[in-house]
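> Sequence and predicted structure are below.
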Amino acid sequence: MIALEQVEVRRGTACIIQDLTLSLTPGLVHVVIGPNGTGKTTLIRALFGDLPISRGGIRIGDQALRPNSRLGRGQAWRSHFAYMPQDTHLDIALTALEVVVVGRLGRLGLHIDDETLELATQRLDAAGVLHLADRDIGTLSGGQRQMVLFAQVMMREPRVMLLDEPVSALDLRHQIRLLDLVRLETRKRDLATVVVLHDLNLACQYADRLIVMRPGASAIMGAPTDLISAALIADTYGASVEILRDGRGNPVIQPIGSLGGDPPPVPPALFSPGA
Ligand SMILES: Nc1ncnc2c1ncn2[C@@H]1O[C@H](COP(=O)(O)OP(=O)(O)OP(=O)(O)O)[C@@H](O)[C@H]1O
């Protein structure tokens with residue numbers, strides 16, 4: 001269990017996350033949704049220890065990240081996570097296979113053994129990009145790079161998987177492939193997984209828990225079927241939608257239009273206590 005307790009994160013002078021309390025459960029996919037600028041990336045980076053928290057704490061097992069804690073920048077904290085950032089541009093002269101092998105960095109010696117190479121090859125294959133193994137990473141398309149970086153994430157052995165908009169450059173088939181793998185790895189390795197998605201229908205299909213970042217209100221967490229309503233979407237996004245149901249009872253969000261006027265303003269303080 002990963003517990004966030006009354007977490008506050010500031011960027012510049014603005015308080016982006018305020019008084020956020022929630023738990024992330026191993027074996028479940030937690031999907032973070034919310035309008036632009038509401039702090040989804042900020043949340044992921046704070047969990048990774050890449051942005052300092054200014055109040056509260058984050059606990060994993062017997063380790064805790066606190067304000068001004070140096071732990072977050074250390075290997076010990078980060079070893080719990082496999083993190084795929086939103087920006088996948090890599091300015092390095094490595095092939096796709098070498099990028100995946102780097103997922104094992106903490107355990108690599110001068111000699112890369114056959115087992116590591118075999119595992120990296122399997123990960124590329126699972127992601128459907130084995131044919132790109134020998135290509136320079138800098139020459140790949142955005143979508144191809146996302147699949148290679150996800151193969152790298154699967155090389156790690158984390159307790160928590162953090163994926164920031166991992167399907168933003170992928171076509172439909174690859175979106176499904178990647179998110180199916182996310183769910184499979186989460187279950188198989190009992191990971192607490194946090195994924196940022198903008199596509200609300202994909203979010204509802206793949207989330208065991210949705211975390212909804214709402215401008216000026218509370219962050220709420222719950223199962224998509226319990227949480228999603230036309231009123232919540234209107235309140236959160238300033239958009240008018242109809243909620244349909246798919247064959248498994250999952251919500252399907254059908255846009256009708258905007259509610260008019262400007263989108264809801266993003267206030268300096270974006271959170272009240274989370275669920
Ligand atoms: N370096 C910074 N200094 C000050 N404010 C920042 C900085 N980086 C981001 N912000 C602000 O923090 C807020 C949250 O940004 P964040 O990237 O977490 O949002 P997001 O929900 O991931 O957005 P998007 O959906 O557009 O990717 C935004 O209002 C953004 O302008």
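It's in. Numbering: from 1, shown residues only.

> quick one: low-confidence parts of the stretch 101-250 of the chain?
Applying pLDDT under 70 to the stretch 101-250 of the chain flags residues 106-110, 216-218.

> Please name the nearest non-neighbouring residue to Leu197.
Ala203 (4.6 Å; C-beta to C-beta, 6 or more residues apart in numbering). The C-beta positions use only the backbone N, C-alpha and C, and glycine is treated the same way.

> That neighbour in helix, strand or coil?
Under DSSP: H, G, I helix; E, B strand; the rest coil, the three-state class of Ala203 is helix.

> now it: how far from Pro52?
28 Å (C-beta to C-beta, to the nearest Å).

> So between these two, which is more surrounded?
In terms of neighbours (other C-beta atoms under 10 Å), Ala203 is the more surrounded of Ala203 and Pro52; the figures are 24 against 17.

> Hmm, Arg209 and that one touching each other?
No. Ala203 is beyond contact range of Arg209, at 10.6 Å (criterion: C-beta atoms under 8 Å).

> Now for the two: what residues contact both?
Common neighbours of Ala203 and Arg209 (criterion: C-beta atoms under 8 Å, 6 or more residues apart in numbering): Val31.

> My reading is that Thr38 lies in a helix. Confirm?
No. Going by three-state DSSP, the assignment for Thr38 is coil, not a helix.

> Quick check: it vs the ligand, distance?
As judged by C-beta to the nearest ligand atom, to the nearest Å, Thr38 and the ligand stand 4 Å apart.

> residues near that residue, how many?
If you count neighbours by other C-beta under 10 Å, Thr38 ends up with 25.

> Look up phi and psi at it.
Main-chain dihedrals, Thr38, degrees, to the nearest 10: phi -90, psi 0.

> could you give the mean pLDDT of stretch 35-50?
Confidence for stretch 35-50, expressed as mean pLDDT, is 93.

> how about it: buried residues?
By neighbour count with 16 or more other C-beta atoms under 10 Å, stretch 35-50 contains the buried residues 35, 38-50.

> before we move on, what about stretch 247-258?
Buried-residue list, stretch 247-258, by 16+ other C-beta under 10 Å: Asn250, Pro251, Ile253.

> So which of these belong to strands?
Members of the buried residues of stretch 247-258 lying in strands (criterion: DSSP state E): Pro251, Ile253.

> can you redo the buried residues of stretch 247-258 as CSV with distance to Leu22?
Converted to CSV, the buried residues of stretch 247-258 look like this (distance: C-beta to C-beta, whole Å):
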residue, distance to Leu22
Asn250, 22
Pro251, 21
Ile253, 23
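
> Closest one of the buried residues of stretch 247-258 to the ligand?
Here the nearest of the buried residues of stretch 247-258 to the ligand, counting by C-beta to the nearest ligand atom, is Ile253; it sits at 16.9 Å.

> who are the neighbours in contact with the closest residue to the closest one other than its chain neighbours?
Distances taken as C-beta to C-beta, 6+ apart place Leu200 nearest to Ile253, at 4.7 Å, with adjacent residues excluded. Listed by C-beta under 8 Å, 6+ apart, the contact set of Leu200 reads Ile33, Ile228, Ile233, Ile253.

> so which of the residues you listed comes closest to Val129?
Set against Val129, the nearest of those by C-beta to C-beta is Ile33 (26.8 Å).

> So which residues on the stretch 1-150 of the chain come close to the ligand?
Listed as neighbours of the ligand in the stretch 1-150 of the chain under the rule C-beta under 6 Å from any ligand atom: Arg11, Gly12, Ala14, Ile16, Gly34, Asn36, Gly37, Thr38, Gly39, Lys40, Thr41, Thr42.

> Tell me where the stretch 51-200 of the chain has helices.
Secondary structure of the stretch 51-200 of the chain by DSSP state H, counting those that start in this stretch: the helices cover 75-78, 96-101, 114-126, 142-155, 172-188, 200-206.

> can I get those helices in CSV with distance to Ser258?
As requested, these are exported to CSV (distance: least, C-beta to C-beta, whole Å):
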stretch, distance to Ser258
helix 75-78, 40
helix 96-101, 40
helix 114-126, 40
helix 142-155, 28
helix 172-188, 25
helix 200-206, 15
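
> Number of residues surrounding Ala192?
When neighbours are counted by other C-beta under 10 Å, Ala192 registers 24.

> Perfect, I'm done here.
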